[in-house]
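Chemist: Predicted model and sequence follow; I will ask about them next.
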Amino acid sequence: MERKSYMHLKSGSDVRGVAVTTERDEVTLTREALGDITRAFLKWLSLKSGKKTPKIAVGYDCRISNEVIFAIVKETVLSCGCDVIGCGLSSTPSMFMLLKDEGWACDASIMITASHLPFNMNGLKFFTPDGGLSGSEISTILSYAEEGLSLPQGEGKFERKPYMKKYCENLVETVRSATGTDMPLYGRIIVVDAGNGVGGFFASKVLKPLGAITSGSINLCPDGRFPAHIPNPELPEAMEALKRAVLFSKAQLGISFDTDVDRAAIVDGDGNPVNRDKLIALVAATILQERPATIVTDSVTCDGLTKFINNRGGRHVRFKRGYKNVIDEAIRRNENGDYCPLAMETSGHAAFKDNYFLDDGAYLICKLLVTFYMQAQKREKLCDLIDKLELPVEQDEVRLKFTADCRNFKEEGDRIIRELKFFAEADSRVDLVPNSYEGVRINFPRYDGDGWLLIRQSVHDPVMPVNFASLSQGGDKVMAKYLYSFVSKYPFLDVSALKEFIEK
């Protein structure tokens, strides 16, 4: 019998695949795959916890495939003799937080989501009380699924018990406790753009109880086809939609969430988007007002952020991209005695030490609401805290793909990175950045690029992403030409995207 293959469904620390057929895509997240992977998770969990029939909570975002997938996961778990708590429409962070609530008494949870990916995609995200799973743990589960497990049969019990109401009440209490008042946002106009994901709850269940006026909010109704725009705070179109809502409503603040609310960004009252480096700087400024600390970010943050953090008595540590990588590095540093209260990616994933290092977009915004209130007490604006942040004039990303005939893209990618390091070290015009943790980061002088580039290898895909950032107009193309002169010699790397970027 042909061995099953599920490793292609691994996406970092999640399982993701095609759940709805389109003209371009066939379903990969099949009924058989979902059943096998769910059983494999139960086996993994049983080995980890020592419980033969753990209780599992299951929730989902607003994707159109969720009811079908929920039914499959529920049926699979129940047939293995395990009880299921059905939480219904949920945010991803809430599915972890319920594991910390004794009233739910669950051993693990499964969130059905594919975050910001297109409407026809879906996936599974797993939590235990220790947090989300690592990439290696997902690999183990998928390897179990490929073996075709036969678990003990049983008949578990099902209970429908949503957690979102309790989750929202906890968020409200977080803000009230930190500000010392029940209505810290009284009379403030604050709008939310949920992008038709599940984040619409934040306007009615968190902001309104805190006194905010939210009538100018947009795209609050969950719709898994995302008719307005993809709910992704990194995208310019998402920030532009929120900017328009802020200016039209004359709001003091705008809030954007991704589909399942594990990421967020804001627009200030003047219509300025605050995401990526600016958002990290704003959160870091808030933290560093209290005490010196180490801030861990992903590898593509700008040099101006490092300077900003250092000038406020902090220490900036760049680490490998991938929110779980950044979180794990922050946890490791804390365990070694280095006070590190924040792990944050430019994508909008932010995890705080005081919140179990859970990447929770709603909790991130609550932290900023506290700062928003505190700044208002001083008659200052929220973003006054980052008025000294130096940002690049240009920021671009180009993705270089390996050709179809490349035999081993990981080995060839390592070779390119290794040889580029030697090349840059021997070139007196540029500076090779030490300890970049992944790939190669090169600094360029003021009149020859005036910035930096980072080329790295994707963990799972045959792609080498390249990030550029320059303090001068046109600097990114200067650095791109430098890189092109080096990488164009490799026949197994498609550099057409880099050439197009230079010529456009």
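Modeler: Arrived safely. Numbering: from 1, shown residues only.
Chemist: roughly how far is stretch 491-499 from the heart of the chain?
Modeler: On the basis of Cα atoms, centre = their mean, to the nearest Å, stretch 491-499 sits 28 Å off its chain's mean C-alpha point.
Chemist: what does it rub up against?
Modeler: For stretch 491-499, contacts defined as Cβ atoms under 8 Å, 6 or more residues apart in numbering pick out 398-403, 405-406, 409, 412, 416, 464, 466, 480, 483-484, 487-488. Heads up, the C-betas are built off the backbone N, CA and C, glycines and all.
Chemist: Quick one: mean pLDDT over it.
Modeler: Stretch 491-499 shows a mean pLDDT of 96.
Chemist: Mind listing what's buried along it?
Modeler: 492-495, 498 (16 or more other Cβ atoms under 10 Å).
Chemist: ok, now stretch 448-460?
Modeler: For stretch 448-460, by 16+ other Cβ under 10 Å, it's 449-459.
Chemist: out of those residues, what pair is the most spread apart?
Modeler: Farthest pair in the buried residues of stretch 448-460 (Cβ to Cβ) is 450 and 459. Separation: 30.3 Å.
Chemist: any idea how far the residue most central in space within the chain lies from residue 193?
Modeler: Centroid check for the chain by Cα atoms, centre = their mean gives residue 349 as the closest residue, at 4.0 Å. To residue 193, residue 349 is 18 Å away according to Cβ to Cβ, to the nearest Å.
Chemist: Then residue 302?
Modeler: From residue 302 to residue 193 the distance is 25 Å (Cβ to Cβ).
Chemist: what about those two, which has more around it?
Modeler: residue 193 (32 against 25; other Cβ atoms under 10 Å).
Chemist: so what's the more buried one closest to, chain neighbours aside?
Modeler: Of all residues not flanking residue 193 in the chain, residue 242 sits nearest, at 4.4 Å (Cβ to Cβ, 6 or more residues apart in numbering).
Chemist: contacts for the lengthiest helix in the chain?
Modeler: Of all the segments of type helix in the chain, defined by DSSP state H, the longest one is helix 31-49. Identification of contacts with helix 31-49 by Cβ under 8 Å, 6+ apart yields 4, 6, 9, 15, 17, 51-52, 54, 56, 69, 72-73, 76-77, 80, 82, 107-108, 110, 124, 126, 128, 137, 140-146, 148-149, 151.
Chemist: wait, residue 74 sits on residue 84?
Modeler: Yes: between residue 74 and residue 84 there is a contact at 5.3 Å, judged by Cβ atoms under 8 Å.
Chemist: Neighbour count for those two, which is higher?
Modeler: Using other Cβ under 10 Å, the more surrounded residue of residue 74 and residue 84 is residue 84, with 24 against 18.
Chemist: Can you show me the helices along the stretch 151-300 of the chain?
Modeler: Along the stretch 151-300 of the chain, the stretches classed as helices by DSSP state H, counting those that start in this stretch are 164-179, 201-202, 236-249, 276-288.
Chemist: Which elements pack onto the longest one?
Modeler: Going back to what we said before, that points to helix 164-179. Judged by 3 or more Cβ pairs under 8 Å, 6 or more residues apart in numbering; DSSP states H and E, helix 164-179 is in contact with strand 84-89, helix 92-97, helix 361-377.
Chemist: and it, what's its mean pLDDT?
Modeler: 98.
Chemist: Over to the third one?
Modeler: Confidence for helix 236-249, expressed as mean pLDDT, is 97.
Chemist: Next: the second one.
Modeler: For helix 201-202, mean pLDDT rounds to 98.
Chemist: quick one: contacts of that helix?
Modeler: Against helix 201-202 from outside (Cβ under 8 Å, 6+ apart): 91, 164, 168, 192, 194, 255, 257, 261, 362, 365.
Chemist: and the fourth one, what pLDDT?
Modeler: Read that as residue 192. On pLDDT, residue 192 comes in at 98.
Chemist: And for residue 322?
Modeler: Predicted confidence (pLDDT) for residue 322: 85.
Chemist: oh, and call the first residue 611 from now on, that's how I've got it
Modeler: Okay, residue one is now 611; in that scheme the one you just asked about reads as residue 932.
Chemist: Let me know the distance separating it from residue 819.
Modeler: 35 Å.
Chemist: Equivalent analysis for residue 721, please.
Modeler: 25 Å.
Chemist: So which of those two has more stuff around it?
Modeler: Legend: neighbour count by other Cβ under 10 Å for residue 721 and residue 819, higher for residue 721 (26 against 18).
Chemist: Verify the stated contact: the more buried one with residue 732.
Modeler: No: look at residue 721 against residue 732 with Cβ under 8 Å: they stay out of range, at 10.8 Å.
Chemist: follow-up on the earlier one: kindly reformat the helices of the stretch 761-910 of the chain as CSV containing distance to residue 943 and mean neighbour count.
Modeler: As requested, the helices of the stretch 761-910 of the chain are exported to CSV (distance: least, Cβ to Cβ, whole Å; neighbours: other Cβ atoms under 10 Å):
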stretch, distance to residue 943, mean neighbour count
helix 774-789, 24, 17
helix 811-812, 31, 26
helix 846-859, 31, 19
helix 886-898, 14, 23
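Chemist: These: which one's closest to residue 636?
Modeler: Smallest distance to residue 636 across the helices of the stretch 761-910 of the chain (Cβ to Cβ): 28.2 Å, for helix 846-859.
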